[in-house]
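Peer 1: I would like the atomic coordinates for the input below:
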Amino acid sequence: MAFKNDDDKKAYWNENLSLLLKLLVVWFVVSFGCGILFVDVLDQIQFFGFKLGFWFAQQGSIYVFVALIFIYMKKMNTLDKKYGVEE
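Peer 2: Residues are numbered from 1 along each chain as shown. The predicted structure follows:
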C-alpha cells in the first residue's frame, strides 16, 4: 500500500477501524444479545417452526457473521478505491 501522504494514511485507518467497530457491535448484538440476553423475549416469536431466540443462537448469528464478512469486503473495496490503494 502506498499512500499519498500521512494524512491519507491516518484517515484510511480511522475509517477502517470505525467500520470494523460498527460491524463488531452488530455481531455482538446479534450473537450475544439475541442469542443470550434477549432470548426470552425472542422465544415468543416463531421462525420456521423454531423459537426465534433459539434460531438466533443456533443459526442466525452464523448467517449474520457471514453477511458481515461480505459487507466488510464491499466496504473495504470502496475505501481502498477512495484512497487509491486498491489492488
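Peer 1: what is the neighbour count of S61?
Peer 2: Residues lying near S61 (other CB atoms under 10 Å) number 20. Heads up, the C-betas are built off the backbone N, CA and C, glycines and all.
Peer 1: helix or strand: which one has it?
Peer 2: According to DSSP states H and E, S61 maps onto helix 61-83.
Peer 1: other residues contacting that helix?
Peer 2: 3, 8, 11-12, 15-16, 19-20, 23, 26-27, 30-31, 34-35, 86-87 (CB atoms under 8 Å, 6 or more residues apart in numbering).
Peer 1: for it, what is the average pLDDT?
Peer 2: For helix 61-83, the mean pLDDT works out to 94.
Peer 1: hey, C-alpha coordinates of that helix in PDB?
Peer 2: Provided in PDB are the C-alpha atoms of helix 61-83 (Å, rounded to 0.1, in the frame of the first residue of the first chain):
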ATOM      1  CA  SER A  61     -25.700 -15.500  14.300                       C
ATOM      2  CA  ILE A  62     -23.800 -17.600  11.800                       C
ATOM      3  CA  TYR A  63     -25.800 -16.100   8.900                       C
ATOM      4  CA  VAL A  64     -25.200 -12.600  10.200                       C
ATOM      5  CA  PHE A  65     -21.500 -13.300  10.600                       C
ATOM      6  CA  VAL A  66     -21.200 -14.400   7.000                       C
ATOM      7  CA  ALA A  67     -23.200 -11.400   5.800                       C
ATOM      8  CA  LEU A  68     -20.900  -9.100   7.800                       C
ATOM      9  CA  ILE A  69     -17.800 -10.600   6.100                       C
ATOM     10  CA  PHE A  70     -19.300  -9.700   2.700                       C
ATOM     11  CA  ILE A  71     -20.300  -6.200   3.900                       C
ATOM     12  CA  TYR A  72     -16.800  -5.700   5.200                       C
ATOM     13  CA  MET A  73     -15.300  -6.800   1.900                       C
ATOM     14  CA  LYS A  74     -17.500  -4.500  -0.100                       C
ATOM     15  CA  LYS A  75     -16.900  -1.500   2.200                       C
ATOM     16  CA  MET A  76     -13.200  -2.100   2.200                       C
ATOM     17  CA  ASN A  77     -13.000  -2.300  -1.600                       C
ATOM     18  CA  THR A  78     -14.800   1.100  -1.700                       C
ATOM     19  CA  LEU A  79     -12.500   2.500   0.900                       C
ATOM     20  CA  ASP A  80      -9.400   1.200  -0.900                       C
ATOM     21  CA  LYS A  81     -10.600   2.900  -4.100                       C
ATOM     22  CA  LYS A  82     -11.300   6.100  -2.300                       C
ATOM     23  CA  TYR A  83      -7.700   6.400  -1.100                       C
END
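Peer 1: lovely, talk soon.
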